[in-house]
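In: Sharing a model that was predicted from the sequence below.
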Protein chains: 2
Amino acid sequence: MKIGDIALETGFSIETIRFYEKQRLVKNVGRNANNYRDYGEEQIAQLVFIKQCRNIGLGLEEVKSLQSHLENPQSDCGEVNRLIGSALKKVREQLKLLHETEQQLKHLNSLCDHSGASHECGIMNELRTTSNF
Amino acid sequence: MKIGDIALETGFSIETIRFYEKQRLVKNVGRNANNYRDYGEEQIAQLVFIKQCRNIGLGLEEVKSLQSHLENPQSDCGEVNRLIGSALKKVREQLKLLHETEQQLKHLNSLCDHSGASHECGIMNELRTTSNF
DNA sequence: ATAAACCCTGAAGTGAATATAGGGTCAATT
DNA sequence: AATTGACCCTATATTCACTTCAGGGTTTAT
């Protein structure tokens, strides 16, 4: 299986897959005669695992950490719990901020919907006055 | 007013304020005899304006664009509208994704809350099976 | 006099990719 | 046989918004 195929299959870009290999997140990649990378089921599983981790907001080093728990089934899973717990906490903080941002933007968005001189634009006037310009 | 003072006043770090000056987001910064930067009300307004823009998710180039609308009151505010509109759209997309992420994480978080071998960890087992490892 | 707490510059590092330059390989068509 | 287009390769640079670092100078308090 060539890199373009696995890219299609996993939804990662070719460049990202090569990048993950350099970062040792994708392992045991073979090469065929012409030096093209050769992928199999193992690499698909690795990439799907990475995708899941990235989708829940984990960083690449955290992904590596979870990979090592996969590879060492006897390891204590306390770290896994901490990792997921703190990811959940971070996501909830982000959600709170993003909700506030949405309210701000909705408010601004309501202040102008026409074209005209900036000094008569409700959005610009709001931004100007709240920053004491 | 020295950089440390305005940093405290505006909530930006000293380094960020110097960085914004290099990026021409903060302007007309004076210098006193010892070559220390010297700030006044104008720079406070600039930084508060930047802070508002960053808080609603705008990038530095977008901040510059809004600044130029402040500086050119006769300019057409159509761009301002588009900018805010697309920011709102992006934020809503992010919110949708983040809500999904939260659900995922809540689910995972419910699968294990003890210490033990990783191969008996509900979180790890979920991640393993969904990636076909 | 000295130490702590400021300030300065310029360059490099961060994360997670994405893009670019410059080249090799392969299958199909002309 | 030659060429075209779609792939693949490496290595390096760029992105964004900062942050950190190295190596200094200045001011304030003891």
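Out: Perfect, thanks for sending it.
In: Domain-wise, how is chain A divided?
Out: A:1-75, A:87-133 (automatic domain parsing).
In: And the strands in chain A?
Out: Assigned by DSSP state E, the strands in chain A fall at A:30-31, A:37-38.
In: So which of the ones you listed is the most surrounded?
Out: Mean neighbour counts were taken over those using mean count of other C-beta atoms under 10 Å in any protein chain shown, and the top value, a mean of 16, falls to strand A:37-38. Any C-beta I mention is one placed from the backbone N, CA and C, and that applies to glycine too.
In: Would you tell me whether that strand gets close to DNA strand C?
Out: No. Against DNA strand C, strand A:37-38 shows no contacts by C-beta under 7 Å from any atom of the strand, the least distance being 11.9 Å.
In: Can you spell out which helices and strands pack onto that strand?
Out: Counting contacts by 3 or more C-beta pairs under 8 Å, 6 or more residues apart in numbering or on different chains; DSSP states H and E, strand A:37-38 packs against strand A:30-31.
In: Can I get the strands of chain A in JSON lines including mean pLDDT?
Out: What follows is the strands of chain A, written out as JSON lines (pLDDT from 0 to 100):
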{"stretch": "strand A:30-31", "mean pLDDT": "96"}
{"stretch": "strand A:37-38", "mean pLDDT": "97"}
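In: of the ones you listed, which approaches DNA strand D most closely?
Out: DNA strand D lies closest, by C-beta to the nearest atom of the strand, to one member of the strands of chain A: strand A:37-38, at 3.2 Å.
In: Please name the strands paired to the closest one in the sheet, noting orientation.
Out: Here strand A:37-38 has these sheet partners by DSSP bridges: strand A:30-31 (antiparallel).
In: what's in contact with stretch A:92-104?
Out: B:Asn55, B:Ile56, B:Gly57, B:Leu88, B:Val91, B:Arg92, B:Gln94, B:Leu95, B:Leu98, B:His99, B:Glu102 (C-beta atoms under 8 Å, 6 or more residues apart in numbering or on different chains).
In: For that stretch, buried residues please.
Out: Neighbour-count burial for stretch A:92-104, counted by 16 or more other C-beta atoms under 10 Å in any protein chain shown, picks out A:Gln94, A:Leu95, A:Leu98, A:Thr101, A:Glu102, A:Gln104.
In: same thing with stretch A:49-61?
Out: Using 16+ other C-beta under 10 Å as the test for burial, stretch A:49-61 gives A:Phe49, A:Ile50, A:Gln52, A:Cys53, A:Ile56, A:Gly57, A:Leu58.
In: which among the residues you listed are in contact with DNA strand C?
Out: Among these, no residue sits close to DNA strand C (C-beta under 7 Å from any atom of the strand).
In: tell me the contacts of the residue nearest to A:Phe12 when sequence neighbours are not counted?
Out: Spatial nearest neighbour of A:Phe12, excluding adjacent residues (C-beta to C-beta, 6 or more residues apart in numbering or on different chains): A:Leu47 at 6.1 Å. By C-beta under 8 Å, 6+ apart, the residues touching A:Leu47 are A:Ile6, A:Thr10, A:Phe12, A:Ile17, A:Tyr20, A:Val26.
In: wait, the fifth one sits on A:Ile50?
Out: Yes. Between A:Tyr20 and A:Ile50 there is a contact at 6.5 Å, judged by C-beta atoms under 8 Å.
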